[in-house]
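Asks: Give me a model of this one.
(one chain, ligands or ions: 2)
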Amino acid sequence: MPRLCSGLSGQMIRPSALNAAKLRAQDVTIHYWIERSATPFCAVDGASLEIRPGEFVSIVGPSGCGKTTFLNAVDGLQPISGGALELNGTPIQHPGRDRAMVFQQASLLPWRTVLGNVVYGLELQGDTSRRERTERAQEFIRLVGLNGFEDAFPTELSGGMQQRVNLARALATDPEMLLLDEPFAALDAQTREFMQRELLRIWGATRKTALFITHDIKEAVYLADRVVVFTKRPGRVKANVLIDLPRPRELSIKRDARFLEYEDEIWSSIEEEVRDGVAAPAVTSRFEPFVPAN
Ligand SMILES: Nc1ncnc2c1ncn2[C@@H]1O[C@H](COP(=O)(O)OP(=O)(O)OP(=O)(O)O)[C@@H](O)[C@H]1O
Ligand SMILES: [Mg+2]
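Replies: Ligands and ions are numbered 1, 2, ... in the order given. All right, here's what the predicted structure looks like:
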């Protein structure tokens, strides 16, 4: 497919010169083909990013800027039309067992129990015995705090519990990279905060390389080693903000002065993108919602 968009590279800050990158995106361009007009549509244009093994990276950016498109390309679900996208130095061409995705909505099989759902990913891999699968699934059900609910069906679980099952299913397959696209967006505010803390606890125990998309700047900062800001569409990397906050992190760190500075910096970067454009900011922050005068 022709490269229709001008290709500006995102600013790169190498997080570490010592470790080889787990994921490397260099000038990645992604187009959709629009059937009704028979034209390509550029969603991502020249995105460059490196993620080192075990790093937790959050991506934020204006709505429609290409975050999900980029994540789908990392998962191998979406072909790229320019640049290079590599996992461990090998071009990503299709989905693989080295990556696992957690979507916004819990995507559980309603006719399977919690255990049946977590076992499912392992069944697809097909190289474990039934006993091994069950043991492994139970281990991750415990890790996400759902022991006692192995025989429950998805309809009997709250939204937060369903997302825990999704997380357990993804982790049980032992991926090298965990890809999360707004996994907590459908949850109420308290459950969401609780799940953020739980995710950090689980990530601390597994240390998977993680790429996490969110509209919530606080969530992005709280979780990540680094927050990547995308430009408006066609998306590319505008800024890398290294989050130098100690771990383990309590939720109370969100009131820390340095935390608020990071939040401010990221908010300003996104706001700059949407100030003159038509795209909605699609982010939540510590600022009060805008209320019209009349
Ligand atoms: N299947 C598709 N076919 C054509 N265009 C698409 C398709 N999926 C997404 N797009 C377009 O690509 C652009 C990027 O979409 P994408 O879903 O990646 O954005 P996003 O940054 O994840 O947005 P949001 O924050 O709202 O989730 C948008 O303009 C969208 O309309
Ligand atoms: Mg999206």
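Asks: SS state for the residue nearest in space to the middle of the chain?
Replies: For the chain, the residue nearest the mean C-alpha position is residue 212 (2.1 Å; Cα atoms, centre = their mean). Here residue 212 takes the strand state, with states given by DSSP: H, G, I helix; E, B strand; the rest coil.
Asks: Next one: it relative to residue 20, how far apart?
Replies: When distance is defined by Cβ to Cβ, to the nearest Å, residue 212 is 22 Å away from residue 20. (C-beta placed from N, C-alpha, C; glycine too.)
Asks: same question, residue 157
Replies: Going from residue 157 to residue 20 by Cβ to Cβ gives 40 Å.
Asks: Looking at these two, which has the bigger crowd around it?
Replies: Neighbours of residue 157 and residue 20, each counted by other Cβ atoms under 10 Å, are more numerous for residue 157; the result is 18 against 11.
Asks: these two touch, right, the more buried one and residue 149?
Replies: Yes. Under the criterion of Cβ atoms under 8 Å, residue 157 makes contact with residue 149 at 6.9 Å.
Asks: Spit out the residues that contact the two alike.
Replies: Here residue 157 and residue 149 share the contacting residues residue 114, scored by Cβ atoms under 8 Å, 6 or more residues apart in numbering.
Asks: a strand runs through residue 40, doesn't it?
Replies: Yes. According to three-state DSSP, the state of residue 40 is that of a strand.
Asks: Near it, how many residues? Count them for me, please.
Replies: In terms of burial, residue 40 registers 16 neighbours under the definition other Cβ under 10 Å.
Asks: And for residue 256?
Replies: The local packing count at residue 256 equals 14, with neighbours defined by other Cβ under 10 Å.
Asks: again, but for residue 242
Replies: 12.
Asks: mind listing what the closest residue to it other than its chain neighbours touches?
Replies: Closest residue to residue 242 apart from its sequence neighbours, by Cβ to Cβ, 6 or more residues apart in numbering: residue 226 at 5.3 Å. Counting by Cβ under 8 Å, 6+ apart, residue 226 touches 15, 55-58, 240-243.
Asks: Backbone dihedrals for residue 226, please?
Replies: Reported as degrees, to the nearest 10, the phi and psi values for residue 226 are phi -150, psi 140.
Asks: State the pLDDT value of it.
Replies: Residue 226 carries a pLDDT value of 98.
Asks: Can you tell me the SS state at the residue of the stretch 101-250 of the chain found nearest ligand 1?
Replies: Of all residues in the stretch 101-250 of the chain, the one sitting closest to ligand 1 is residue 233 (5.2 Å; Cβ to the nearest ligand atom). Residue 233 falls in the coil class when you classify it by three-state DSSP.
Asks: Summarise which helices and strands the strand or helix carrying residue 267 is packed against.
Replies: With secondary structure defined by DSSP states H and E, residue 267 is part of helix 257-275. With contacts taken as 3 or more Cβ pairs under 8 Å, 6 or more residues apart in numbering; DSSP states H and E, helix 257-275 sits against helix 217-223, strand 226-230, strand 237-242.
Asks: want to try CSV for these, with distance to residue 163 as columns?
Replies: Conversion of the helices and strands packed on helix 257-275 to CSV gives the following (distance: least, Cβ to Cβ, whole Å):
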stretch, distance to residue 163
helix 217-223, 13
strand 226-230, 21
strand 237-242, 26
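Asks: Adding distance to ligand 1, write those out as CSV.
Replies: Conversion of the helices and strands packed on helix 257-275 to CSV gives the following (distance: least, Cβ to the nearest ligand atom, whole Å):
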stretch, distance to ligand 1
helix 217-223, 12
strand 226-230, 7
strand 237-242, 13
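Asks: Looking at these, which is nearest to residue 106?
Replies: Of all these, it is helix 217-223 that lies closest to residue 106, at 17.6 Å by Cβ to Cβ.
Asks: What segments of the stretch 101-250 of the chain are helices?
Replies: Counting by DSSP state H, counting those that start in this stretch, residue ranges of the helices within the stretch 101-250 of the chain are 114-125, 130-143, 159-172, 189-206, 217-223.
Asks: what about residue 42, how many neighbours?
Replies: Neighbours around residue 42, by other Cβ under 10 Å: 21.
Asks: cool, residue 165 as well?
Replies: Residue 165 sits with 26 neighbouring residues when counted by other Cβ under 10 Å.
Asks: now it: how far from residue 171?
Replies: Between residue 165 and residue 171 the distance is 11 Å, computed by Cβ to Cβ.
Asks: which neighbours do the two share?
Replies: Counting by Cβ under 8 Å, 6+ apart, the residues touching both residue 165 and residue 171 are residue 144.
Asks: Which residues of the chain lie near ligand 1?
Replies: Counting by Cβ under 6 Å from any ligand atom, the chain comes close to ligand 1 at 32, 41, 43, 61, 63-69, 233, 282.
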